[in-house]
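Colleague: the following block contains a protein sequence and its predicted model.
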Amino acid sequence: MKSVNSLFLLLSMMVLTPVSVVSQSVSKVLQPYVDSGELPGFVTVVAKADKVLSMECLGYQDIAKNKKMEPNSLFWIASQSKPIAGAAVMMLVDEGKLNLDEPITTYLPELKDMKVSRVSRENWQVTERVTQPITLRQLLTHTSGMSWVAGVQERTGKIDVLPFSLSLYVTAMTPLIAEPGEKFSYSNQSINIAATIVERISGMPYADFLQKRIFEPLGMTNTTFWPAGRQLEKLVIPYKQGKDGKLEETIIDQLQYPLDDKSKRFAEAAGGLFSTPVDLVKFYQMIANKGLFNGKRLLTENSVAELGKDQTDKNVKEQRGLGWAVSDDWIGHAGAYGTDSRFYFKDGVIVMLYVLQQDLPKYGEACQLFWKEVEAKYHL
């Protein structure tokens, strides 16, 4: 492992650090982009483990219907689903039911004949048996060698077309793109296989596991793979740039519609969740409080530390936790359409940015200004 400060140590130090954070507006840098019509709207959150310091709403969740952004606006959080998958795995590790360094074939013998695709010395594409088994730790750090998505998902362009039980067999027939542990390769399929292990070991569907073990204890009442009923009234519309340069409604192109159709859409652990700012901040508060939320323990302190510690081998330059992106200053994750959440070690500050957009030209510039403003105001 790389030599970096342990998250456990950093979290422990927080207890001794005087609270110097005061509520301040961090959204003013985003307002001009909303006023100019370059970006549709935002919700920003600043919080600590025990309280929300600010929750600011700008612009619109649905411009055509004149619906403004609200704290309970429902966003597709995409890859922000991955840290939740990591937490689900660690709950079973806490119970002694899973081991991060155990070959995944212990839990899923269907994957015992995995192969890797290589280019031979003669420049032929060849498929060979892997020389070492994939571990659960490698699944969660994107170093398993698995592809971005399973073959069926790649062909359809949709990530929610297969239940885990079928995706497992597609994975078994799909050669790895690298030997396990050899390199970092961002892989939704790795996270989905980890979720399949959660299903197999817990004996319940992954979505039910999340509901029972994470969402209900945290009071995350509007976090789901299948937004339905009144939730759809709060759904944030994603926007792209139209031919006239103005904002134009679009869809989430990685998902099937209607979103509430459980007969055709399936849980996607790596990027399928919808959530609200009010909901998701609770998950991050639990992490900031070392596994506790309102007196309920969801994870052990050691497991929280493990989630956010850089787990990749020295030959891998990318820093990754167990389902988390990590740096020396924060842990968190972003989502494909613009949502982003970070837990900063200094003073235990949680910062979240919510927007749904598809490659809008000013999005990157606005985000850079936002994170710069946050880090300056809160001395992060």
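Modeller: All right, it came through fine. Numbering: from 1, shown residues only.
Colleague: show me where the protein dips below the pLDDT cut-off.
Modeller: Counting by pLDDT under 70, the chain shows low-confidence ranges at 1-24, 119-126.
Colleague: residue ranges for the helices of it, please.
Modeller: 7-16, 31-35, 81-94, 136-140, 151-156, 164-173, 188-202, 206-210, 216-218, 230-233, 277-288, 301-308, 363-377 (DSSP state H).
Colleague: any idea which of those helices is most buried?
Modeller: helix 136-140 (a mean of 26; mean count of other Cβ atoms under 10 Å). Placement of C-beta: from N, CA and C, glycine included.
Colleague: out of the helices of the chain, flag the one nearest V52.
Modeller: helix 277-288 (6.2 Å; Cβ to Cβ).
Colleague: one step back: ok, which of the helices of the chain comes nearest V351?
Modeller: helix 363-377 (5.2 Å).
Colleague: tell me what the closest one is packed against?
Modeller: Contacts defined by 3 or more Cβ pairs under 8 Å, 6 or more residues apart in numbering; DSSP states H and E place helix 363-377 against strand 349-354.
Colleague: for the strand it packs on, packing partners?
Modeller: By 3+ Cβ pairs under 8 Å, 6+ apart, strand 349-354 packs against strand 41-48, helix 277-288, strand 340-344, helix 363-377.
Colleague: JSON lines please, covering those and showing distance to A78.
Modeller: As requested, these are arranged in JSON lines below (distance: least, Cβ to Cβ, whole Å):
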{"stretch": "strand 41-48", "distance to A78": "16"}
{"stretch": "helix 277-288", "distance to A78": "12"}
{"stretch": "strand 340-344", "distance to A78": "10"}
{"stretch": "helix 363-377", "distance to A78": "14"}
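Colleague: which of the ones you listed sits closest to W226?
Modeller: helix 277-288 (15.0 Å).
Colleague: mind giving me the packing neighbours of that closest one?
Modeller: So helix 277-288, by 3+ Cβ pairs under 8 Å, 6+ apart, packs with strand 41-48, strand 51-62, helix 81-94, helix 216-218, strand 292-293, helix 301-308, strand 340-344, strand 349-354.
Colleague: go again using 6 Å as the cut-off
Modeller: strand 41-48, strand 340-344, strand 349-354 (3 or more Cβ pairs under 6 Å, 6 or more residues apart in numbering; DSSP states H and E).
Colleague: which outside residues touch it?
Modeller: 43, 45, 47, 49, 71-72, 218, 220, 222-223, 293, 298, 304, 341, 343, 348, 350, 354 (Cβ atoms under 6 Å, 6 or more residues apart in numbering).
Colleague: in ChimeraX, select just the buried ones from those.
Modeller: Those of the contacts of helix 277-288 that count as buried under 16 or more other Cβ atoms under 10 Å are selected in ChimeraX with:
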select :43,45,47,49,71,218,220,222,223,293,298,304,341,343,348,350,354
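Colleague: the helices of the chain: which one's closest to G181?
Modeller: Per Cβ to Cβ, nearest to G181 of these: helix 136-140, 5.8 Å.
Colleague: stretch 50-70: end-to-end distance?
Modeller: 22 Å (Cα to Cα, to the nearest Å).
Colleague: please disregard the earlier target; I meant stretch 166-183.
Modeller: 26 Å.
Colleague: got it, and stretch 353-370?
Modeller: Across stretch 353-370, first to last residue, Cα to Cα, it's 9 Å.
Colleague: got a list of what the residue nearest the centre of the chain touches?
Modeller: Closest to where the C-alpha atoms of the chain average out (Cα atoms, centre = their mean) is Q80, at 2.2 Å. Listed by Cβ under 6 Å, 6+ apart, the contact partners of Q80 are H333, G335, T339.
Colleague: please name the nearest non-neighbouring residue to the second one.
Modeller: Of all residues not flanking G335 in the chain, A78 sits nearest, at 3.3 Å (Cβ to Cβ, 6 or more residues apart in numbering).
Colleague: cool, G321 as well?
Modeller: Here the residue nearest G321, using Cβ to Cβ, 6+ apart, is G308, at 4.8 Å.
Colleague: and K28, how far from S54?
Modeller: From K28 across to S54, the span is 12 Å (Cβ to Cβ, to the nearest Å).
Colleague: right, and the helices and strands packed on strand 349-354 - which one's nearest R129?
Modeller: Comparing those under Cβ to Cβ, the one sitting nearest is helix 277-288, at 38.6 Å.
Colleague: only alpha carbons, please: show that closest one as PDB.
Modeller: The C-alpha trace of helix 277-288 is given here as PDB (Å, rounded to 0.1, in the frame of the first residue of the first chain):
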ATOM      1  CA  PRO A 277     -29.500  16.500  -0.700                       C
ATOM      2  CA  VAL A 278     -31.400  16.000   2.500                       C
ATOM      3  CA  ASP A 279     -30.900  12.300   2.300                       C
ATOM      4  CA  LEU A 280     -27.400  11.900   1.000                       C
ATOM      5  CA  VAL A 281     -25.900  14.300   3.600                       C
ATOM      6  CA  LYS A 282     -27.000  11.800   6.300                       C
ATOM      7  CA  PHE A 283     -24.800   9.100   4.800                       C
ATOM      8  CA  TYR A 284     -21.800  11.400   4.800                       C
ATOM      9  CA  GLN A 285     -22.600  12.500   8.300                       C
ATOM     10  CA  MET A 286     -22.500   8.800   9.400                       C
ATOM     11  CA  ILE A 287     -19.100   8.500   7.700                       C
ATOM     12  CA  ALA A 288     -17.900  11.700   9.400                       C
END
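Colleague: okay then, goodbye and thanks.
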